[in-house]
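Student: sequence plus predicted model, see below.
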Amino acid sequence: MSIVYDKSISTKYRKYFESISDMVRPFRQYSLKNGKTIPKDIVGEKPWESGQAGIPLAWNEKDSTVAVDHTDSHTLVIGPTGSKKSRLVCMPLVRILGSSGESMIISDPKAEIYNRTASYLKKQNYNIFVLNLRSPLHGECWNPLSIPFDFFIKGEVDKAYEFVNDIAENLIHSEKSQSDPFWDNSAGSLFFGLVLLLFKYCKEFRKSREYVNIGNVVRLRNALISGNKTIKKNYLWEYAKSDPIIASALIGTVETANDTRAGILSVFDQKVRMFSIQPNLLDMLSHNDIDFDIIGKQPSVVYLIVPDEKTGYHGLVSLFIKQSYEYMIYKAQLAVEQDGFHVGTLINRLNYVLDEFSSLPTIQDFPAMITAARSRNIRFTLVIQSKHQLLQRYGEETDTIQTNCNNWIFFTSREIQLLEEISSMCGKTSSDIQKPVLSISALQRLKKESGEALLLCGRAKPCITRLPDIEQYDHNAFVQRSVCPRRAKKIKLLEFDIPPEKRQALDLIQGVDIDSMLKSIDCKIAELEKEEMQKKNQTMREEIRISKGTEDERG
């Protein structure tokens, strides 16, 4: 044991530290012997407010149990590379959640969590999906355009536009240029307009949903704009202009100065280059095997395997997290209808276990997401290496993310700002010369081999806890599960040819000269007015003639 741990359990310092027994009293216990959560009825709980499983908080080695937070609290896990975050928290968390059948979406940079837990979850009858960005020919396919296109087909265009905008934000707007965001914003508008035009084209010309893919978005860009110039007599552009929203998104690129257009296209092409140079990745993103509808209803898990040595694919992970969350919120909204408003929660709790969270590109509206998630039966576990990374991504909103995490599990750090913040949160002694209860030096002395960590939980005092390694859960007998290979599927691409009958209609619209038409109308009106005046004059002359003839007869 470390000196810090011994100090925390001593009677002398009891007033500064929370005892393990007091800390774990409100929580459920998970048995390491049989791999199940020990039932414990809590007064006032409702089934959708908390489940049976959650993040491991403390280990009772004598009873071979682990206290787990079964409530709807979010958790922040802090520790640099090699601090055993995965072995002490992430892998055990997946194992514990698997014993209770809760759904999970897991970012897994090194595929370590998958290798350690997938076989166990398969035995628990989980629906297992693997989005493998490291090796796209292994695992399932995911088409990010599938969900918004479904909304578009059903006529829920507002929802479709919202999801398409999220895709543009995460794929095009991620890593914006700080000096001049105009180019990123314009490229994002171009992407937004191209996707909506693809939706419109496929719906109106009865193309199957397999044609709705990123590859055809790129081809549509080439069909609309050849090189740096809009194609002359482009029926596709005339077709796009028939929809005011699509036209407003595209016109800033299509009908602008050549130099400006070249800059926008350069940024756009750079953002989508990874799809063009990697056929296997494009193939994976052109089909959809992931059933989002069952994730919130049945025990399901999605592993997001992404290369950790490069960040080019991280935008796709952020997009998947954002899109899946928005869709789950949509499904939860439809779960219960009350007083004319849709409110409700997911039938089966969904847990986001986001390893290397601070390395992912900024997820749009994430502070609002983590704030609203608890009431929808969605829970986040955020694993970060440093606060500096989090500040780079979320700036001032970092505090909102941190304060919404009721549990903090801290292993160690060399980041002075973070150490000072945590030391301050732990308070000071009540002696004449006040000292930090846990100094910066003490926070760096937690013993790794014993699984020691600082636990800040709700309103309780700081607690030095110990957590068991994943080996204690597996009893040194886990079975590794390989990611199944899949057959490459042929990507269905379009030529974007406007049918003759549609061209005729566009020609009629395109051929009308508004000024000439107005002049013609004015001339016609003038002619009608002249004819009307002539008729009136003729009538008056006739009346005068008749009147004069009557007077002559009287004379």
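Tutor: Here it is on my side, so go on. Residues are numbered from 1 along each chain as shown.
Student: can you tell me the SS state at the spatially most central residue of the chain?
Tutor: In the chain, the residue lying closest to the centroid (C-alpha atoms, centre = their mean) is K322, at 0.7 Å. Three-state assignment for K322 (DSSP: H, G, I helix; E, B strand; the rest coil): helix.
Student: can we start the residue count at 77 from this point?
Tutor: Let's use 77 as the start, then, which means that last one is K398.
Student: tell me where the stretch 277-426 of the chain has helices.
Tutor: Along the stretch 277-426 of the chain, counting by DSSP state H, counting those that start in this stretch, helices occupy 290-300, 311-316, 320-330, 334-347, 349-353, 355-360, 368-371, 390-409.
Student: in the first one, what's buried?
Tutor: Along helix 290-300, the positions that meet the burial threshold by neighbour count (16 or more other C-beta atoms under 10 Å) are I290, G291, N292, V293, V294, R295, L296, R297, A299, L300. Placement of C-beta: from N, CA and C, glycine included.
Student: what's the closest non-adjacent residue to the fourth one?
Tutor: For V293, ignoring the flanking residues on the chain, the nearest one in space by C-beta to C-beta, 6 or more residues apart in numbering is L270 at 5.1 Å.
Student: OK, contacts around the residue nearest to the centre of the chain?
Tutor: For K398, the contact set (C-beta atoms under 8 Å, 6 or more residues apart in numbering) comprises D242, N246, I439, Q440, D441, M445.
Student: in the residues you listed, which residue is surrounded by the most others?
Tutor: With neighbours taken as other C-beta atoms under 10 Å, the top of the contacts of K398 is N246, carrying 25 neighbours.
Student: let me see the confidence value for that one.
Tutor: Looking at N246, its pLDDT stands at 84.
Student: work out the gap between the helix or strand encompassing it and the centre of the chain.
Tutor: If you go by DSSP states H and E, N246 is part of helix 233-247. Averaging C-alpha positions (C-alpha atoms, centre = their mean, to the nearest Å) puts helix 233-247 10 Å from its chain's average.
Student: next, the buried residues of it.
Tutor: Neighbour-count burial for helix 233-247 [16+ other C-beta under 10 Å]: K235, A236, Y237, F239, V240, N241, D242, I243, A244, E245, N246, L247.
Student: try stretch 357-364
Tutor: So, applying 16+ other C-beta under 10 Å, buried residues of stretch 357-364: L357, L358, D359, M360, L361, S362, H363, N364.
Student: endpoints of it, how far apart?
Tutor: 13 Å (C-alpha to C-alpha, to the nearest Å).
Student: burial count for L531?
Tutor: Neighbours of L531 using other C-beta under 10 Å come to 20.
Student: likewise for the one 3 residues further on?
Tutor: Counted with other C-beta under 10 Å, the burial measure for G534 works out to 12 neighbours.
Student: what mean pLDDT does the helix or strand hosting S97 have?
Tutor: Assigned by DSSP H and E, S97 falls within helix 96-100. For helix 96-100, the mean per-residue pLDDT is 89.
Student: and that helix, how far from the chain's centre?
Tutor: 36 Å.
Student: who does that helix touch, helix- and strand-wise?
Tutor: strand 131-136, strand 539-542 (3 or more C-beta pairs under 8 Å, 6 or more residues apart in numbering; DSSP states H and E).
Student: in that helix, what counts as buried?
Tutor: I96, M99, V100.
Student: after it comes which helix or strand?
Tutor: Next element after helix 96-100 (DSSP H and E): strand 104-107.
Student: for that next one, packing partners?
Tutor: Under the contact rule (3+ C-beta pairs under 8 Å, 6+ apart), strand 104-107 is packed against strand 112-114, strand 141-145.
Student: wait, which of these is closest to K504?
Tutor: Proximity to K504, assessed across the helices and strands packed on strand 104-107 by C-beta to C-beta, is greatest for strand 141-145 (27.1 Å).
Student: got the angle for the following helix or strand past that closest one vs strand 141-145?
Tutor: Downstream of strand 141-145, the first helix or strand assigned by DSSP H and E is strand 150-154. Strand 150-154 and strand 141-145 meet at an angle of 120 degrees, taking axes from the mean of the first three to the mean of the last three C-alpha atoms, to 10 degrees as the criterion.
Student: pull the distance from strand 150-154 to the chain's centre.
Tutor: Distance, centroid of strand 150-154 to centroid of chain: 19 Å (C-alpha atoms, centre = their mean).
Student: list the neighbouring strands of it plus their orientation.
Tutor: Applying DSSP bridges, strand 150-154 is found paired with strand 454-460 (parallel), strand 481-486 (parallel).
Student: could you check the angle strand 131-136 makes with the shortest one?
Tutor: Translated: strand 481-486. Using the same axes, to 10 degrees: strand 481-486 against strand 131-136 is 50 degrees.
Student: on contacts alone, who are the packing partners of the helix or strand following strand 481-486?
Tutor: Using DSSP H and E, the helix or strand that follows strand 481-486 in sequence is helix 492-501. In terms of contacts (3+ C-beta pairs under 8 Å, 6+ apart), helix 492-501 is packed against helix 463-470, helix 516-519, strand 528-533.
Student: using PDB, write out every CA atom in helix 492-501.
Tutor: In PDB, the C-alpha atoms belonging to helix 492-501 read as follows (Å, rounded to 0.1, in the frame of the first residue of the first chain):
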ATOM      1  CA  ILE A 492       0.300  21.000 -12.800                       C
ATOM      2  CA  GLN A 493      -2.900  22.900 -13.600                       C
ATOM      3  CA  LEU A 494      -5.000  19.700 -13.300                       C
ATOM      4  CA  LEU A 495      -3.100  18.600 -10.100                       C
ATOM      5  CA  GLU A 496      -3.800  22.000  -8.500                       C
ATOM      6  CA  GLU A 497      -7.500  21.800  -9.400                       C
ATOM      7  CA  ILE A 498      -7.900  18.400  -7.900                       C
ATOM      8  CA  SER A 499      -5.900  19.200  -4.900                       C
ATOM      9  CA  SER A 500      -8.100  22.300  -4.300                       C
ATOM     10  CA  MET A 501     -11.300  20.100  -4.700                       C
END
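Student: for that helix, the distance to its chain's centre please.
Tutor: The answer for helix 492-501 is 30 Å, by C-alpha atoms, centre = their mean.
Student: domain parsing for this protein?
Tutor: 79-218+381-550, 222-354+567-586, 591-631 (automatic domain parsing).
Student: so can I have JSON lines of those showing distance to Q556?
Tutor: Formatted as JSON lines, the domains of the chain follow (distance: least, C-beta to C-beta, whole Å):
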{"stretch": "domain 79-218+381-550", "distance to Q556": "5"}
{"stretch": "domain 222-354+567-586", "distance to Q556": "27"}
{"stretch": "domain 591-631", "distance to Q556": "74"}
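Student: closest one to P561 among these?
Tutor: domain 79-218+381-550 (5.1 Å).
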